[in-house]
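J.: My questions are about this predicted structure, shown below with the sequence.
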There are 2 protein chains.
Amino acid sequence: MSRTERISAIRRYLAAHRADAYLISSPANVLYLSGFTNNDCFLVLTQTANYFVGDSRYTLQAEQEVGGTYSVIALKNSLEQTLQRLAARKRWARICFEPRRISVYAYRRLSSGLGKAIRLLAGEDVLAPLRMQKTAVELACIRRAQEITRKSVEQLRQSIAPAMTELAVKHRLEQLLYDHGAEKTAFDVIIAAGEHAAMPHAVAGQRKIGRKEPVVVDVGSVWQGYNSDLTRTLFFGTMAQHNKYYRLVAAAQERAIENIRPDVPIADIDRAARQVFKKAGLERYFSHAVGHGVGLEIHEPPSVSSTNKARIKPGMVFTVEPGLYIPGWGGVRIEDLITVTERGCEIL
Amino acid sequence: MSRTERISAIRRYLAAHRADAYLISSPANVLYLSGFTNNDCFLVLTQTANYFVGDSRYTLQAEQEVGGTYSVIALKNSLEQTLQRLAARKRWARICFEPRRISVYAYRRLSSGLGKAIRLLAGEDVLAPLRMQKTAVELACIRRAQEITRKSVEQLRQSIAPAMTELAVKHRLEQLLYDHGAEKTAFDVIIAAGEHAAMPHAVAGQRKIGRKEPVVVDVGSVWQGYNSDLTRTLFFGTMAQHNKYYRLVAAAQERAIENIRPDVPIADIDRAARQVFKKAGLERYFSHAVGHGVGLEIHEPPSVSSTNKARIKPGMVFTVEPGLYIPGWGGVRIEDLITVTERGCEIL
């Protein structure tokens, strides 16, 4: 799926909906369609031309990076004024926009700025199904990002010790990620010790790691714009109770992963993991979906949840991350990133 | 301005607009009203009660952090369903929302999920004017964040050398920020060497720093949720041309800062800086507004631009960051963060 083919998919949508232009404002879709790696920029695609719209801070960079495929237009005053001028010149009457990526405020400004002659249409996310099935090039980027993450966490194990604060562990891990070549972290790294680990999205703080408690390490890195995501739960010392939860989470992950292959309902993956906790009477402590898609965004389709009615397809990349969160005690989460192959799946 | 007073401002707005509830979905406003420091959560404020709504990943953390002021409600299925149940129980008919923070997609879901009995009203940003004038406590946080940033950049000067890559400089700087106590960086740190420095928002890469070129270092740190922002342009070696641009930018910044005091039109600050470049015939190379507000968000009101019609008020915190961007050669930007005092301003 080359960039030209991606642009063609948008053009087919425009033709089918008798629309003149599609305004792309999601940074991930801008990157997917153009290779341009900065925010606050827009693409406007039509049957015959591609426009890149960004304020003057970006035009030089854009000329260098996308000048071959896109006509670079400097944003003058506002998006609505720039778009209005373009639309008037080209006689556009119907413009699609991305309803998930435009705020109500921006929509109202666009709508009144464009005037009554132009109709704004909430477009479908034409690119989501394409983005869900990764190409070999995309997969190579994610694989590299995950390799950076995996090696870093591996080395972190050897360099942390009780009495370090969560923040100190976080900064050490970030340093390791950079040393291994990460462009940046995929999200604010989670280091959650002891009872903090009972909060799936805890923020690392001044809490010191105790000798007898779990430490949840949830981290991702970015390589060439593509994300990775990995969680390990580390323990110092040995505790029967900790091990019981840990073994259950590991078993839940194993059950989920062994069910992954093309055509299986996505909801079954979540159910397979949940079933393990249900049998142990601990289902209420697993409070989130078992996974999410990863690619140009750290959270993207498919959501690997009990309510997703779609089926698994080759080339999908998603996390499998069951967890148990016991208030007051702590938590365990194990997360790996898998890609769906023709017959099953592979852990990245 | 205590949290209670902030909540009162919302309640006065509700009363004036005969609305039953205000849905707050901006992370910065959630933090401003509740002290809660995670994303993906909502507040619903009414005349008599305050609700915190977050999915089950956050409820434990929320009980601990905001349980005193807010009733914590676990998000069930979706925001619209949770809100609909609450609205039905409390017989709400008119709910305000933040139009800048709700996408068209989310608005449509909310609107159809709430049903016809409930009217959604695009609320004004009641908190923006309050947030623009910082309290002593807020100022102390920003001051601390900027102190961390300043010290780190100071030490960076001594530890970088030609032939280092932009990314290596970035990672070294991040390490210094963390060593000085930063919670995280305020934004993806910009390190732009040579002709890269002509791009105001360049992304640090594998480019090596040459002996005779400017390096723009634009960085901020976060402390207690509050942001800071600082830019320095470093040089190795001496070059008359570089010094000419550098001196002009420094002069522009000086002219802007000496005009800052309460009641002066904000646009005059931008104009003062621009005038310096105009005299030198270089105005076209200064392609952005001279500054922006900083607080719970790294970019927040006021925009210090030629089109802002408001006047300066005490307690405002904003950047003053003129720059010259010369395609093919490079760029210079100098940015400091100032706070407006009763009679003038102070550089943080």
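T.: That came through, no problem.

J.: CA only for contacts and neighbour counts going forward, please
T.: Will do.

J.: Domain boundaries for chain A, per the record?
T.: Here the domain parsing of chain A from automatic domain parsing is A:3-130, A:133-347.

J.: Using a markdown table, lay out these together with mean pLDDT and distance to B:Leu248.
T.: Shown next, in a markdown table, are the domains of chain A (pLDDT from 0 to 100; distance: least, Cα to Cα, whole Å):
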| stretch | mean pLDDT | distance to B:Leu248 |
| --- | --- | --- |
| domain A:3-130 | 92 | 19 |
| domain A:133-347 | 91 | 34 |
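
J.: So for B:Val137, which of those domains sits nearest?
T.: Ranking these by their distance to B:Val137 (criterion: Cα to Cα) puts domain A:133-347 first, at 20.3 Å.

J.: That closest one: end-to-end distance?
T.: Length of domain A:133-347, first residue to last, Cα to Cα, to the nearest Å: 16 Å.

J.: Run through the residues of chain A sitting next to chain B.
T.: With the criterion set to Cα under 8 Å from any Cα of the partner chain, chain A comes near chain B through A:38, A:56-58, A:60-61, A:99-107, A:167, A:171, A:175, A:178, A:183, A:199-203, A:287-288, A:327.

J.: Okay, and which of those map to helices?
T.: Residues from the residues of chain A next to chain B lying in helices, with DSSP state H as the criterion: A:56-58, A:60-61, A:104-107, A:167, A:171, A:175, A:178.

J.: What residues sit buried inside stretch A:314-333?
T.: In terms of neighbour count (16 or more other Cα atoms under 10 Å in any protein chain shown), stretch A:314-333 has its buried residues at A:314-326, A:330-333.

J.: Mark which of those residues are part of strands, please.
T.: Counted as lying in strands by DSSP state E, out of the buried residues of stretch A:314-333, are A:317-320, A:323-326, A:330-333.

J.: bridging residues for A:Lys208?
T.: Beta bridges link A:Lys208 to A:Thr165 when assigned by DSSP bridges.

J.: Just the buried ones from the residues of chain A next to chain B, in PyMOL syntax?
T.: A single PyMOL command selects the buried members of these (16+ other Cα under 10 Å):
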select buried, chain A and resi 38+56+57+58+60+61+99+100+101+102+103+104+105+106+107+167+171+175+178+183+199+200+201+202+203+287+288
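
J.: which residues does the residue in chain A positioned nearest to chain B contact?
T.: Chain A approaches chain B most closely through A:Ser103 (3.9 Å), counting by Cα to the nearest Cα. Contact analysis of A:Ser103 by Cα atoms under 8 Å, 6 or more residues apart in numbering or on different chains lists B:99-104.

J.: For those, please prepare TSV with the additional fields distance to B:Gly210.
T.: Below are those laid out as TSV (distance: Cα to Cα, whole Å):
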residue	distance to B:Gly210
B:Pro99	47
B:Arg100	43
B:Arg101	43
B:Ile102	45
B:Ser103	45
B:Val104	47
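
J.: which of the residues you listed lies closest to chain A?
T.: Using Cα to the nearest Cα, B:Ser103 comes nearest to chain A of those, at 3.9 Å.

J.: For that closest one, give its distance to A:Gly123.
T.: Separation of B:Ser103 from A:Gly123 (Cα to Cα) stands at 13 Å.

J.: residues bridging contact with those two, i.e. touching both?
T.: With Cα under 8 Å, 6+ apart, B:Ser103 and A:Gly123 have common neighbours A:Pro99.

J.: how about the helices in the stretch 201-348 of chain A?
T.: A:240-258, A:266-279 (DSSP state H, counting those that start in this stretch).

J.: With respect to B:Val66, which of the ones you listed lies nearest?
T.: B:Val66 lies closest to helix A:240-258 among the helices of the stretch 201-348 of chain A, at 29.1 Å (Cα to Cα).

J.: Can you spell out which helices and strands pack onto the helix ranked longest in chain A?
T.: Counting residues, the longest helix in chain A under DSSP H turns out to be helix A:136-159. Using 3 or more Cα pairs under 8 Å, 6 or more residues apart in numbering or on different chains; DSSP states H and E, the elements in contact with helix A:136-159 are helix A:166-179, strand A:221-223, strand A:226-227, strand A:230-235.

J.: report the angle between the axes of it and helix A:166-179?
T.: Helix A:136-159 runs at 130 degrees relative to helix A:166-179, counting by axes from the mean of the first three to the mean of the last three Cα atoms, to 10 degrees.

J.: what distance separates helix A:136-159 from the middle of the whole chain?
T.: 16 Å (Cα atoms, centre = their mean, to the nearest Å).

J.: from the helices and strands packed on helix A:136-159, which stretch is densest packed?
T.: Stretch with highest mean neighbour count among the helices and strands packed on helix A:136-159: strand A:221-223 (a mean of 27; mean count of other Cα atoms under 10 Å in any protein chain shown).

J.: Starting from that strand, tell me which strands it pairs with and how they run.
T.: In the sheet, strand A:221-223 lines up against strand A:184-185 (antiparallel), strand A:226-227 (antiparallel) (DSSP bridges).

J.: now those as CSV including distance to B:Gly344?
T.: Formatted as CSV, those follow (distance: least, Cα to Cα, whole Å):
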stretch, distance to B:Gly344
strand A:184-185, 39
strand A:226-227, 46
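
J.: and of the ones you listed, who's closest to A:Arg143?
T.: strand A:226-227 (9.2 Å).

J.: and A:Ala204, how far is that from B:Leu86?
T.: Distance of A:Ala204 to B:Leu86, computed by Cα to Cα: 33 Å.

J.: Contacts only, for A:Trp61.
T.: In this structure residue A:61 is Gln, not Trp. Taking Cα under 8 Å, 6+ apart, one finds B:199, B:202 in contact with A:Gln61.

J.: A:Arg12 now?
T.: By Cα under 8 Å, 6+ apart, A:Arg12 has no neighbours at all.

J.: can I have whichever strand or helix holds it written out in CSV, keeping just the CAs?
T.: Using DSSP states H and E, A:Arg12 maps to helix A:3-16. The C-alpha atoms that make up helix A:3-16 are tabulated as CSV, following Å, rounded to 0.1, in the frame of the first residue of the first chain:
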residue,chain,number,x,y,z
ARG,A,3,1.2,6.6,-0.6
THR,A,4,-0.3,6.9,-4.1
GLU,A,5,-2.6,4.0,-3.3
ARG,A,6,-3.6,5.6,-0.1
ILE,A,7,-4.4,8.9,-1.9
SER,A,8,-6.4,6.8,-4.5
ALA,A,9,-8.6,5.4,-1.7
ILE,A,10,-9.5,9.0,-0.7
ARG,A,11,-10.2,9.9,-4.3
ARG,A,12,-12.5,6.9,-4.7
TYR,A,13,-14.4,8.0,-1.6
LEU,A,14,-14.7,11.6,-3.0
ALA,A,15,-16.1,10.2,-6.3
ALA,A,16,-18.6,7.9,-4.5
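
J.: Which residues outside stretch A:177-190 are in contact with it?
T.: Contacts of stretch A:177-190 (Cα under 8 Å, 6+ apart): A:145, A:148-149, A:151-152, A:170, A:174, A:201-204, A:216-224, A:227-229, A:298, B:167, B:171.

J.: Measure how far it is from the centre of its chain, please.
T.: How far stretch A:177-190 lies from its chain's middle: 14 Å, per Cα atoms, centre = their mean.

J.: Output that stretch as PDB, restricted to C-alpha atoms.
T.: Taking C-alpha atoms only, stretch A:177-190 is exported to PDB below (Å, rounded to 0.1, in the frame of the first residue of the first chain):
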ATOM      1  CA  LEU A 177      15.500   3.900  25.200                       C
ATOM      2  CA  TYR A 178      17.400   6.800  23.700                       C
ATOM      3  CA  ASP A 179      20.700   4.800  23.900                       C
ATOM      4  CA  HIS A 180      19.000   2.100  21.800                       C
ATOM      5  CA  GLY A 181      17.900   4.600  19.200                       C
ATOM      6  CA  ALA A 182      14.300   5.600  20.200                       C
ATOM      7  CA  GLU A 183      13.200   8.900  18.600                       C
ATOM      8  CA  LYS A 184      11.000   9.500  21.600                       C
ATOM      9  CA  THR A 185       8.800   7.700  24.000                       C
ATOM     10  CA  ALA A 186       5.400   6.600  22.700                       C
ATOM     11  CA  PHE A 187       3.600   8.000  25.800                       C
ATOM     12  CA  ASP A 188       4.500   9.100  29.300                       C
ATOM     13  CA  VAL A 189       6.300   6.100  30.700                       C
ATOM     14  CA  ILE A 190       4.400   4.400  33.500                       C
END
